[in-house]
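Colleague: Just to be clear, the model below is a prediction. Sequence and coordinates:
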Amino acid sequence: MRVMVTGGAGYIGAVIAWELAARGHDVVIYDNLSKGHADSVAGAGELVKGDLLDGETLRRTLSSRRIEAVVHMAASSLVGESVAQPDRYYRNNVEAGLQLLSAMRVLAVRDLVFSSTAAVYGEPAKQPIEESDPTIPTNPYGETKLALERAFPWYARAYGLRHVSLRYFNAAGATERCGERHDPETHLIPIVLDAARSGGEVTVFGDDYATPDGTCVRDYIHVLDLARAHVAALDALSQDRAVAPAYNLGCGGNGYSVTEVVGAARALTGRPIRVRMGPRRAGDPAVLVAASDRIRRELDWRPQLQDLRMILESAWRWLEARPR
Ligand code: UFG
């Protein structure tokens, strides 16, 4: 198929672009390069530098490349930033998303796989979180992702859109070509590994949560497992198989606390990794662990790299291969 990946030069988007290409799809990466890196997708497909808010370039790309399906990754995705700048999140996540839906409708592109988030659930009432649990976002990031998710059934009904939303828990790890390169970096695993390499210090955001060791627990999922779920979702849509509107993507189990991640990184790297206890970060739920039975059952997807050590190892290898 000819697939457009919006935000395809970003950390997760690039892994998806490569995975689609490996499965024989023709890939067009549509990215404004505000956060993405052109070099991470060189060879995966054609890179079109464009913004979703630029409707003309968007429609021209869909039409001239005869795109058949879209994986929509482009978004602003930092919880804290979203609270400080909701305007940016409504614009980049809702307004730009609606531009995409409108362009797809005009050009009769029917299939859409959407990058969503555990942040749609807000502060969960129970663990692990199921797709049918209440969605009550506690920040504009989750709110804007949910807003777009909620538009899809209406577009499906009126215009025949076929859609799947994938709600990611904590994406982590690296492939040989692609790893996390955010600026500034806010995610735990790259921060911890960077501290291992540079001798810097990690601040743990709170150790007074109601968890076994007091630090927050998260469900880390390897970025390649995430990418494979997108391919499975796209296959199901294009084969007109019944799909649920949304699937959680995590590894489940008990998740890992911040302290466990630091401990595993020390064991892997053999470096001491200095830690300082800091106050809680606003908006952090104590525990976020996915029930991902639905996607396992319906799309026959399973994580292959769910072991924390494997995730850390891949990220460490990628980091160590880069110049300091
Ligand atoms: N943490 C630290 N110190 C750091 C960085 C993070 O203690 O320097 C802690 C956080 O407080 C959190 C855990 O490590 O408890 C993981 O934090 P990340 O920033 O790596 O990831 P989040 O769980 O905050 O965010 C992820 C995704 C978001 C998504 C969210 C769902 O990155 O896109 O899960 O709530 F919205």
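Modeller: Structure's in. What do you need?
Colleague: C-alpha only now, for contacts and for neighbours.
Modeller: Will do.
Colleague: mind listing what the closest residue to Arg110 other than its chain neighbours touches?
Modeller: In space, and not counting its chain neighbours, Arg110 is closest to Leu161: 4.8 Å by C-alpha to C-alpha, 6 or more residues apart in numbering. Leu161 sits next to 105, 109-112, 152-153, 155 when contact means C-alpha atoms under 8 Å, 6 or more residues apart in numbering.
Colleague: hmm, the helix ranked longest in the chain touching the ligand?
Modeller: Longest helix in the chain, counting residues (DSSP state H): helix 140-159. No. Applying C-alpha under 6 Å from any ligand atom, one finds helix 140-159 separated from the ligand by no less than 6.5 Å.
Colleague: how about that helix: buried residues?
Modeller: Buried residues in helix 140-159, counted by 16 or more other C-alpha atoms under 10 Å: 140-149, 152-153, 155.
Colleague: Distance from the chain centre to that helix, please.
Modeller: 17 Å (C-alpha atoms, centre = their mean, to the nearest Å).
Colleague: Output the contacting helices and strands for that helix.
Modeller: For helix 140-159, the packing partners by 3 or more C-alpha pairs under 8 Å, 6 or more residues apart in numbering; DSSP states H and E come out as helix 79-84, helix 86-89, helix 96-106, strand 111-117, strand 162-168.
Colleague: Phi and psi next, for the residue nearest to Arg110.
Modeller: Torsion angles at Leu161 (phi, psi; degrees, to the nearest 10) stand at phi -60, psi 140.
Colleague: picking up where we left off before, most widely separated two among the contacts of Leu161?
Modeller: Within the contacts of Leu161, two members stand farthest from each other by C-alpha to C-alpha: Val109 and Pro153, at 15.4 Å.
Colleague: Who are the packing partners of the helix or strand where Leu319 lies?
Modeller: Using DSSP states H and E, Leu319 maps to helix 308-320. In terms of contacts (3+ C-alpha pairs under 8 Å, 6+ apart), helix 308-320 is packed against strand 170-172, helix 188-198, strand 220-222, helix 258-269.
Colleague: Give me whichever of the ones you listed is most buried.
Modeller: Highest mean neighbour count of those: strand 220-222, a mean of 27 (counted as mean count of other C-alpha atoms under 10 Å).
Colleague: and that one, what does it pack onto?
Modeller: If you count contacts as 3+ C-alpha pairs under 8 Å, 6+ apart, strand 220-222 packs onto strand 170-172, helix 308-320.
Colleague: right, and those - which one's nearest the ligand?
Modeller: strand 170-172 (4.9 Å; C-alpha to the nearest ligand atom).
Colleague: How far away from the center of its chain is that closest one?
Modeller: The gap between where strand 170-172 is centred and where its chain is centred comes out at 7 Å by C-alpha atoms, centre = their mean.
Colleague: Parallel or antiparallel, which strands does it pair with?
Modeller: Applying DSSP bridges, strand 170-172 is found paired with strand 220-222 (parallel).
Colleague: Which positions in the worst-scoring helix or strand of the chain on mean pLDDT come out as buried?
Modeller: For the chain, scoring each helix and strand by mean pLDDT, DSSP states H and E identifies helix 79-84 as the least confident one, at a mean of 92. By 16+ other C-alpha under 10 Å, the buried positions in helix 79-84 come out as 79-80, 82-83.
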